[in-house]
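J.: fold the following, please.
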Amino acid sequence: LEWRLDSDGDPSAGRFSRGPDVFPGTYTIRVSYKNEQSEAKENVFADPRMEVNMQDMIAKRAFMEKYNQLQSQVSSMTTDLRNAKAAIEKVNARVREEEKSVADPVIKRGKEMIKAIDELYYQINSKPAPQGSYSDRTVLSAKLGLVRGAMQSVQLPITKNDETAMKLIEAAIPPMEAKVKVLLANDFAAYKSYVNGLGLKLISDK
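T.: This next block holds a predicted model:
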């Protein structure tokens with residue numbers, strides 16, 4: 001059993017579900033298995049190299065929780081776009097078994113949809129770069145990365161640079177979410193209706 005001194009996060013956030021580290025204090029560790037349970041007390045001490053107060057730690061914890069929320073939002077957009085692209089690629093692979101007169105228009109429309117998805121996806125994540133090349137620092141995930149360095153501990157103070165980086169990413173995410181929502185709810189939904197309207201049932205309506 002290993003506890004990294006972190007608090008509970010958002011379970012729906014997947015690999016970003018870890019919460020901020022806990023405040024200094026005494027904690028009860030409970031382990032349950034079937035009908036058996038064991039518990040012990042654990043003391044978490046403040047870093048003696050730092051001078052911090054509870055108010056600053058509360059502010060830092062809120063900052064870290066905001067970061068985790070934003071990271072989850074970016075991850076969700078990325079996943080939704082990837083899933084849409086994978087569905088289209090599956091359709092294009094399957095429809096090649098149909099007559100050319102049926103397959104060609106479907107594949108053409110699928111490629112157009114993938115191009116639109118990629119345009120948004122690569123505003124969120126860097127394009128694959130040759131070895132030794134720098135990633136694109138203008139994309140959404142890179143801007144979020146500017147805040148990541150502040151996530152080490154609730155006992156480390158928030159700097160002005162951290163606050164500025166957070167404000168920039170907070171402002172950048174809602175417009176991108178709106179773009180992704182429009183693309184999936186309108187363009188991708190129309191594409192799904194088009195494909196299923198052919199009677200091929202190659203893509204889920206969900």
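J.: from residue 161, how far out is the closest residue to residue 124 other than its chain neighbours?
T.: Spatially, and ignoring its direct neighbours in sequence, residue 124 is nearest to residue 140 (4.5 Å; CB to CB, 6 or more residues apart in numbering). C-beta: built from backbone N, CA, C; applies to glycine. According to CB to CB, to the nearest Å, residue 140 and residue 161 sit 18 Å apart.
J.: who has more neighbours, the two?
T.: Neighbours per residue, other CB atoms under 10 Å: of residue 140 and residue 161, the larger number sits with residue 140, 21 against 12.
J.: doesn't residue 171 make contact with that one?
T.: No - applying CB atoms under 8 Å, one finds residue 140 not in contact with residue 171, separated by 11.1 Å.
J.: mind listing what's buried in stretch 161-181?
T.: 162, 165-166, 169, 172-173, 176, 180 (16 or more other CB atoms under 10 Å).
J.: sorry, that was for stretch 178-191
T.: 180, 183-184, 188, 191.
J.: next one: stretch 87-104
T.: 87-88, 91-92, 95, 103.
J.: kindly report the same for stretch 38-52.
T.: residue 52.
J.: what's the average pLDDT for that stretch?
T.: The pLDDT scores in stretch 38-52 average 85.
J.: and the two most separated of the buried residues of stretch 161-181?
T.: Farthest pair in the buried residues of stretch 161-181 (CB to CB) is 162 and 180. Separation: 26.5 Å.
J.: mind checking how far residue 51 is from residue 42?
T.: 24 Å.
J.: do the same with residue 117
T.: Distance of residue 117 to residue 42, given as CB to CB: 47 Å.
J.: just residue 81 next, same as before
T.: Taking CB to CB, one finds residue 81 at 42 Å from residue 42.
J.: residue 124 too?
T.: 39 Å.
J.: same check on residue 189?
T.: Taking CB to CB, one finds residue 189 at 51 Å from residue 42.
J.: not counting sequence-adjacent ones, nearest residue to residue 73?
T.: residue 173 (5.6 Å).
J.: what residues are up against the one you found?
T.: Residues near residue 173 by CB atoms under 8 Å, 6 or more residues apart in numbering: 70, 73-74, 140.
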